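Asks: prediction below, plus the sequence it came from.
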Amino acid sequence: MNESTLWANGEEVSARLPCAIEDFLLSRGLLPRSVVIEHNGQAVAPSEFKSRLLKPGDKVEIVQIVAGG
């Protein structure tokens, strides 16, 4: 794994790539169960977070789920 960049929510971000989506989220202080992910234009099921790899240049959209009313 090397330090590379990908796009997260429209911003260029450095990360050790390739890495699993779950590892990326944890490295950013996000709990995998508290987010919805789109990876290169495709929705990703939470069950895929451990196996789906992020690579340099990928685009990720992360939406945090917030409880409340």
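Replies: Happy to help now that I have it. Note that the structure is predicted; figures quoted are calculated from it, not measured.

Asks: when you work out contacts or count neighbours from here on, use the C-alpha atoms and nothing else.
Replies: Fine.

Asks: C-terminal to the lowest-mean-pLDDT helix or strand in the chain, what's the next element?
Replies: The helix or strand with the lowest mean pLDDT-type score in the chain, counting by mean pLDDT, DSSP states H and E, is strand 2-8 (a mean of 92). Sequence-wise, the next helix or strand downstream of strand 2-8 (DSSP states H and E) is strand 11-17.

Asks: need phi/psi at the most centrally placed residue in the chain.
Replies: If you average the C-alpha coordinates of the chain and look for the closest C-alpha using Cα atoms, centre = their mean, you land on residue 21, 4.6 Å from that point. The main-chain torsion angles of residue 21 are listed as degrees, to the nearest 10 and equal phi -50, psi -40.

Asks: contact partners for it?
Replies: By Cα atoms under 8 Å, 6 or more residues apart in numbering, the contact list for residue 21 reads 49-54.

Asks: now residue 32
Replies: Taking Cα under 8 Å, 6+ apart as the criterion, residue 32 is in contact with 22, 25-26, 46, 49.

Asks: put together a markdown table for these, with pLDDT on each row.
Replies: Formatted as a markdown table, the contacts of residue 32 follow (pLDDT from 0 to 100):
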| residue | pLDDT |
| --- | --- |
| 22 | 98 |
| 25 | 97 |
| 26 | 97 |
| 46 | 96 |
| 49 | 98 |
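
Asks: now the helices for the protein?
Replies: Listed from the start of the chain, the chain has helices (DSSP state H) covering 21-27.
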